[in-house]
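Q: Turn this into a structure:
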Amino acid sequence: MKLLPKARWLKIVTALAGAGLAGGAAFAATNWAVSLGAGSSGTAQSATVSNLTISATASPAASNVLYPGGNGDVVVTIANPNTFPVTITAVNLPTNLIYGAGFTSSSLGTAQTGCSSTTSDVLWNYSTSSSGSSHSLTTPLVVGASGQSNNPLVVTLTNDASMTTSSPSACEGTFFSMPSLTAITAYGGAATSTTTPATDSWTS
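A: Below you'll find the model as predicted:
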């Protein structure tokens, strides 16, 4: 076999090595398809639910005060400690034999003599002889999320207090702490908050 001169042999080897490198670069640039493995997932958590607080607040408007045989307004604040809005659609009332207690001022600090929770004859309008009767609000109330209960909703419940004709004269010019509601019908979830102060009622 005839040998090539040394210099020419080196040239041929170098050319082959270069071709090999070029082929390797082209292979590395090719995209590889990747699919999702079975059971791929993540973790989520639902919120815990806390009770709302409904409290007495400032006195009702003078045009809607109580008198024997008439109805008057009730003003409440509703605080929502949850991290999501809560929509209230109905309230449950105590029996119509449970009356509001009378006080000398809207701060409800000093009891009104002769006008107690056993004698005032002030009760929730449309309450029945059965405790826990449910009464739908005219408009659902959406209490916005507040986290620290620092932004309560103020609501005037129009004509939802009632004074019977048997209410004693000692209850004249008196502020009343209405009997505690027994429950509410409500649900949590995204919704547009009711603007405070608001007006609402139940009519049956």
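Q: show me what contacts Ser46?
A: By CB atoms under 8 Å, 6 or more residues apart in numbering, no residues touch Ser46. (C-beta placed from N, C-alpha, C; glycine too.)
Q: Make residue 1 into 24 and carry on from there
A: Yep, numbering from 24; the last one is Ser69 now.
Q: Thr141 versus the residue sitting nearest the centre point of the chain, what's the distance?
A: By CA atoms, centre = their mean, the mean C-alpha position of the chain lies nearest to Val109, the distance being 2.3 Å. To Thr141, Val109 is 34 Å away according to CB to CB, to the nearest Å.
Q: circling back: you'd agree the residue nearest to the centre of the chain is up against Thr208?
A: No: Val109 is not in contact with Thr208 according to CB atoms under 8 Å; the separation is 11.0 Å.
Q: list residues touching both of those two?
A: Counting by CB under 8 Å, 6+ apart, nothing touches both Val109 and Thr208.
Q: Show me where this protein dips below the pLDDT cut-off.
A: 24-53, 84-85, 170-173 (pLDDT under 70).
Q: how about the helices of it, start to end?
A: 29-51 (DSSP state H).
Q: Gly125: neighbouring residues, count only.
A: 27 (other CB atoms under 10 Å).
Q: ditto for the one 3 residues further on
A: The burial count assigned to Ser128 is 11, neighbours taken as other CB under 10 Å.
Q: List the residues that contact it.
A: Phe198.
Q: Any figure for the gap between it and Ser153?
A: From Ser128 over to Ser153 (counting by CB to CB), the distance is 33 Å.
Q: and if you look at Val88?
A: 28 Å.
Q: ok, now Thr110?
A: Distance from Thr110 to Ser153, by CB to CB: 25 Å.
Q: Looking at those two, which has the bigger crowd around it?
A: A count of neighbours by other CB under 10 Å puts Thr110 above the other of Thr110 and Ser153, at 19 against 10.
Q: List the beta-bridge partners for that one.
A: With DSSP bridges as the criterion, Thr110 is bridged to Val165, Tyr210.
Q: which residues in the chain form strands?
A: 76-79, 94-102, 109-116, 124-126, 145-147, 156-166, 176-186, 198-200, 206-211, 221-223 (DSSP state E).
Q: which stretch among those comes nearest Asn54?
A: Closest to Asn54 of these is strand 206-211 (CB to CB; 46.8 Å).
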